[in-house]
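**Student:** Sequence plus predicted model, see below.
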Amino acid sequence: MNEWLLTITILAPMLAAVILLLIPEKQGLAIRLVALAGAAITLPPAILLCLNYDRAKGGYQFVQDFAWVPTLGIRYHVAADGISVVLILLTAVLITGGVFASWTRPDRTKEFLSLLLLLVGGVFGVFAARDLFFLFLFYEIAVLPMYLLIGVWGTSSQGRTKEYSAMKLTLMLMAGSAFILVAILGMYSYSTVHTFDMDALARTKFDAGFQHWAFFAVYVGFGILAGIFPLHTWSPDGHASAPTAVSMLHAGVLMKLGAYGVLRLGIQMLPQGAQDWSFVMACIATINVLYGAISAMGQTDLKYIIAYSSVSHMGMVMLGLASLNPVGINGAVMQMVSHGVMTGLFFACVGLIYERAHTRIVAKMGGFATKMPIVAVCMTVGGLASFGLPATSGFIAEFLCFYGMWLRYPALALIAILGIVVTAVYVLRMMQKIFFGQFNPEDYHELPDARTTERVAISVLACCLIGIGLYPKPFVDLIDIGWRTTQRPDVIEQARRQHVADATHPLAALLTPSVHAANSETNNDRNRGLTR
Amino acid sequence: MPVTAPSSSEYLPIIVFTLVGIGFVGATLLFSRLIQPHAPSKAKNSTYECGVAPTGNAWQQFNPHYYLFALLFVVFDVEAAFLYPWALAYRRVGMYAVGEMILFVVLLGAGLVYAWRRGALEWE
Amino acid sequence: MTDYRPLAPYALLTILALAVALLGTVPAARRSGALGWITAIGAGLALFISSQSPEATPWLGMLRLDAFSKACNVIFLAALAIISIASTAEEHRTAFAGEFYALLTLSTVGLMLMGASGGLLTMYLGLELSTIALFALAGFSKREKRSAEAALKLLILGSVASAVVLYGASIVYGVLGTTQFFEMSAAMSHPHAAGASAALYFGITFIVAGLAFKVAAVPFHLWAPDVYEGAPSLVTAFLSTASKAGGFAALLRFLGSVQVPEDRTISTLLIVLSAISMIVGNLSALSQKNFKRMLGYSGVAQSGYILTALAAGSATSKTISSALMYLLLYAFTNVAAFLVAQAIHDATGSDQISALRGLHRRRPTLAFCAVVVMFSLGGIPPLAGFVGKLYLFTAAWDGGQRCLVLIGALTSVAALYYYLMVVRQIYLLDPEDDRKITVAPAIVMAISLCTAAILAIGIYPRPFVTMGEAAASAVQVTSVAHQREAAPVVAASDVSSPHLRP
């Protein structure tokens, strides 16, 4: 059973997407129920994956592996480690929320939900794939539907038409794909074996020169999706134009695919290249954090604020990754989860507010808390999490990211932390204006609170944020084990031989637990995870 | 059968031959030009023993049906040209040659039937 | 006694062409649309026979009926069958339906000869047979001025290309003393052959240039957009897929056999052709308003993609198998694209991209298929175009053509823009005229077949890769085996024919 879990998770939404196409458009309820089934059916396997993951054993589990096109070295190989299972769970939660959020969507629901489910199937596939061919295939399946989702169902705003945003997003991400493809072909052809299998490639010893450029290609390719600084411009336009459920999934999960790709293909497969580019990555990530936050401060459109805050938060993820040490990486993945839930919640709330108030301009709003208390509470929780208030998931995640960076480049960490301050400024100002200012009854005669389905969706997401914040141990444990047990064998061997005690080395924790035992007093939950 | 690459010296006789040919014709023309008397007149310049002088435009419209007949004629003309060597050789090749020729004639026949059915043989 | 059974598919199609032409003179047969079905069934039957027949090299190796020719036949016959089915639609049952199918079938026979050619003569014969039939087909809509223009352009430029091939072939024969492919390598590796290499390259360049015309690679592409636009879409569908595949089949046969040892002249030639085809094709397509013209330029770029693999050196089996697989899936994809153009033309009378506007409301099935086709052309997974392009680029990368792969990957992004502009018209914009449009069931059926094939190849490419690799090894095995066989013959001829060396 266990080995089928991943395949079920990938195929269930795709199957639902196909079934949806066969239902006549008039059967509105049936369409929504099938879509909900296709989304929610992934929850039990996702939870099972987290529960059944053997923490003592570590490594890749739930393996399913058979030859697909043997002569080309393509295998259908799916497997998950601790990082993957956590991200799969995140995706399952968000797609279910996304279907709820699009419950009342009026036109062409069938195609909309079908594309949304197809996209999610691709996302699951990327998190599970252990074969570069399938990883790339799923990656494209996850990215491409976005063109139609934004182009058909989006809204035009601020002089940017939805077609423009959709085209910009697609072309920029596809340019990234071109880089990824080149890197993948390079890895494929490097060894004499000619395989796309990531396990086999992990045993290949790439030389330093190759790693240098291959990592660069991977970083740029996936980095575009993760919103790295000069290449992030698709993100605000895209997110602002996209309909609610799409923004939720795109900012919540899809941008994580970028970071995940950098982690899996870049840092894990090309560790030497990652070391070469670590400083550049750290600098760009710092710019991301600050630039995103400052840009968000200057926005008037609610969606643009959230979109720029996503750029800033993805910067924190990249900051954690750039540290290349277990603390930072754990932080990065935690931030992926935290930001995924948080931004999903944000976009869901913004969608609700826009649907009722028919405006997204913050200056025109005020005193909404009296009219829609549930939305106000949930969005405030999200806001608090976004600048890392303790007892929310944002705290543990951002703390680990900054701490990881502190261990590697302390100066950059100090600069990046300023981003938190800016974040607090724009988030609190936004909340204050929307929910607690003066309510103007002439502009808005009717502002009902969320409907039941929506209420369920947003409060579940808000509870997740607080839940993870209060008790992050299960997630941190999974991520930590996943990261530590899936290293390339040659990296472990090399590190062991050199007895690297340098705290900045990615394997420092593995080899010198004492360093971390001393450093991790601040967080008891992590303590056990790292010194196990 | 592969042969070895010819060297440039093998082409030398051809070049010499070409040059001699051009030189001979050129020299003859030049020589006659030098020694001939030159006294043109109208009668001398007219077309010599070639029927009546042409009148009107040479660009005339033909009925395109002529082309069809011409094409069909060429097809069977070629067939006839093929039949002569075939008749000489078939004794050596045997029944195989008979089969080949029947196939050839049938193919041509199919073309004729097609032209006929299409109405190419009808003169309107 | 030669075994003639492997020739059965060729004979069958020739008879089919004659029979259909004769049947076309019967008005009842024309009006019922039976001719198209007969052609399609004939093509299917030929495909079956071809796949079952044993391998052979009849007539002193003039024809090579091996796995390669069989793989090529799959491409040509699939295109023929699908186009025949589509053209059974009521609108295309004209007075000249019989001639249409006959010419199409004859052209296919020509292409099959190119795929099965064992030497320059057979290759040229096939090239002429296929191209001459296409001259007539391009001008098939006699009353349309653009169709006549297309036919004339194809005729004049095609004749020049033929002449160029023939000129190159004569030089190659002059240098190597043979027109048979498998004797060429042997003749070339002969010690005395070294001095003649400049002339040999001259000849090879001419042959490659002539075939580059057939596959519409830059700078020999100028005819393609005009002819694609002017010719009837059903003919363009054939011209842009099967005919192009024929050109590539000949190129693969020829370059697979003529491997000049330790020399990069030919591959430099192909690199240049490939790079400028991808760049010029994709950039020119960006600004097109006419759907068929846009597909014409996109076809130029697609030739460039295939040439990346060829540039990597025809010695590797991946080059041949990836090119064949791409040609097969491209046949399905582009035939479907032009059938969409035909369907839109039948319904609205326009070939503009804007005529597709709001197709998702006017004809949802057709819209879905059209989008699948566009995404497959753009190389989006899980569709066939993605697997094919990846395979091509893998072959190119393995052959050391990393720059070409980079150019290919980046121009693919530009290409995606114009494919998405079509998708935008179909899905994003609402129609000006909300009424449903009627599309002939035959065309819908043909397009659906293609779409199914695109999905099938994309999701499970294994059988097609296997087919391609068998074909590749067939080309190589014969060239290597004959090289060994032929080597002593050269030595013998050296001694036994002293008149060759005065």
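**Tutor:** Looks like it arrived, so ask away.

**Student:** contacts and neighbour counts: CA atoms only from here.
**Tutor:** OK.

**Student:** For the residue in chain A positioned nearest to chain B, report the pLDDT, please.
**Tutor:** The nearest approach of chain A to chain B comes at A:T71, 37.2 Å away (C-alpha to the nearest C-alpha). Looking at A:T71, its pLDDT stands at 83.

**Student:** Distance check, C:W37 against C:A28.
**Tutor:** 14 Å (C-alpha to C-alpha, to the nearest Å).

**Student:** Compare the two (neighbour count), which wins?
**Tutor:** C:W37 (18 against 11; other C-alpha atoms under 10 Å in any protein chain shown).

**Student:** neighbours around the nearest residue to the more buried one once chain neighbours are set aside, how many?
**Tutor:** In space, and not counting its chain neighbours, C:W37 is closest to C:I85: 6.2 Å by C-alpha to C-alpha, 6 or more residues apart in numbering or on different chains. For C:I85, the neighbour count with other C-alpha under 10 Å is 25.

**Student:** now the one helix or strand C:I85 maps to: mean pLDDT?
**Tutor:** For C:I85, the host element (DSSP states H and E) is helix C:67-86. For helix C:67-86, mean pLDDT is 94.

**Student:** before we move on, the earlier item: isn't the residue nearest to C:W37 right up against C:A440?
**Tutor:** No: contact between C:I85 and C:A440 fails when scored by C-alpha atoms under 8 Å: they sit 11.0 Å apart.

**Student:** just how off-centre is the longest helix along chain B within its chain?
**Tutor:** The longest helix of chain B (DSSP state H) is helix B:65-93. Relative to the centre of its chain, helix B:65-93 is centred 15 Å away, using C-alpha atoms, centre = their mean, to the nearest Å.

**Student:** Return the list of helices and strands in contact with it.
**Tutor:** Packing partners of helix B:65-93 (3 or more C-alpha pairs under 8 Å, 6 or more residues apart in numbering or on different chains; DSSP states H and E): helix B:95-117.

**Student:** quick one: buried residues of the helix it packs on?
**Tutor:** B:A97, B:M101, B:L108, B:A110, B:G111, B:L112, B:Y114, B:A115, B:R117 (16 or more other C-alpha atoms under 10 Å in any protein chain shown).

**Student:** Buried residues, stretch A:108-126. List them.
**Tutor:** Those would be A:109-126, for stretch A:108-126 by 16+ other C-alpha under 10 Å.

**Student:** count of residues packed around C:A29?
**Tutor:** Using other C-alpha under 10 Å: C:A29 sits among 17 other residues.

**Student:** Contacts only, for it.
**Tutor:** C:L23, C:L35 (C-alpha atoms under 8 Å, 6 or more residues apart in numbering or on different chains).

**Student:** just the one 4 residues further on next, same as before
**Tutor:** Under the criterion of C-alpha under 8 Å, 6+ apart, the contact list for C:G33 reads C:T88, C:A89, C:E90, C:R93.

**Student:** Just the CA trace of the worst-scoring helix or strand of chain B on mean pLDDT, in CSV.
**Tutor:** In chain B, no helix or strand scores lower on mean pLDDT, DSSP states H and E than helix B:42-45, which sits at a mean of 78. The C-alpha trace of helix B:42-45 is given here as CSV (Å, rounded to 0.1, in the frame of the first residue of the first chain):
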residue,chain,number,x,y,z
LYS,B,42,18.2,43.6,-100.1
ALA,B,43,17.8,40.4,-102.1
LYS,B,44,20.9,38.9,-100.5
ASN,B,45,19.6,39.7,-96.9
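
**Student:** Surely C:S277 and C:P219 touch.
**Tutor:** Yes: in this structure C:S277 lies within contact range of C:P219 using C-alpha under 8 Å: 7.5 Å.

**Student:** which of the two has more neighbours?
**Tutor:** The neighbour comparison of C:S277 against C:P219 (other C-alpha under 10 Å) goes to C:S277, with 29 against 15.

**Student:** any idea how far the more buried one is from chain B?
**Tutor:** Here the criterion is C-alpha to the nearest C-alpha, to the nearest Å. By it, C:S277 lies 35 Å from chain B.

**Student:** give me the element that residue is part of.
**Tutor:** For C:S277, the element it lies in under DSSP H and E is helix C:265-286.

**Student:** Quick one: list the elements packing against that helix.
**Tutor:** The elements that helix C:265-286 packs onto, with contact taken as 3+ C-alpha pairs under 8 Å, 6+ apart, are helix C:197-214, helix C:291-311, helix C:402-423.

**Student:** ok now that helix, how far from the chain's centre?
**Tutor:** 17 Å.

**Student:** buried stuff in it?
**Tutor:** Here helix C:265-286 shows C:266-267, C:270-286 as buried, counting by 16+ other C-alpha under 10 Å.

**Student:** picking up where we left off before, go back to the buried residues of helix B:95-117 and keep what's next to chain C.
**Tutor:** Contacts with chain C within the buried residues of helix B:95-117, counted by C-alpha under 8 Å from any C-alpha of the partner chain: B:A110, B:Y114, B:R117.

**Student:** Is it possible to get CSV of those that adds pLDDT?
**Tutor:** Output for those, formatted as CSV (pLDDT from 0 to 100):
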residue, pLDDT
B:A110, 88
B:Y114, 88
B:R117, 86
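
**Student:** Could you report the neighbour count for residue 48?
**Tutor:** No chain was given, so I picked chain A. 14.

**Student:** Actually, chain C is the one I wanted.
**Tutor:** 13.

**Student:** For the longest strand anywhere in chain A, which helices and strands make contact with it?
**Tutor:** Secondary structure of chain A per DSSP state E: the longest strand is strand A:61-69. If you count contacts as 3+ C-alpha pairs under 8 Å, 6+ apart, strand A:61-69 packs onto strand A:74-80, helix C:462-496.

**Student:** follow-up on the earlier one: which neighbouring elements make contact with the helix holding C:I85?
**Tutor:** Counting by 3+ C-alpha pairs under 8 Å, 6+ apart, helix C:67-86 packs on helix C:34-52, helix C:97-115, helix C:233-238, helix C:244-257, helix C:317-348, helix C:441-459, helix C:462-496.

**Student:** Taking their axis directions, it and helix C:34-52 sit at what angle?
**Tutor:** 160 degrees (axes from the mean of the first three to the mean of the last three C-alpha atoms, to 10 degrees).
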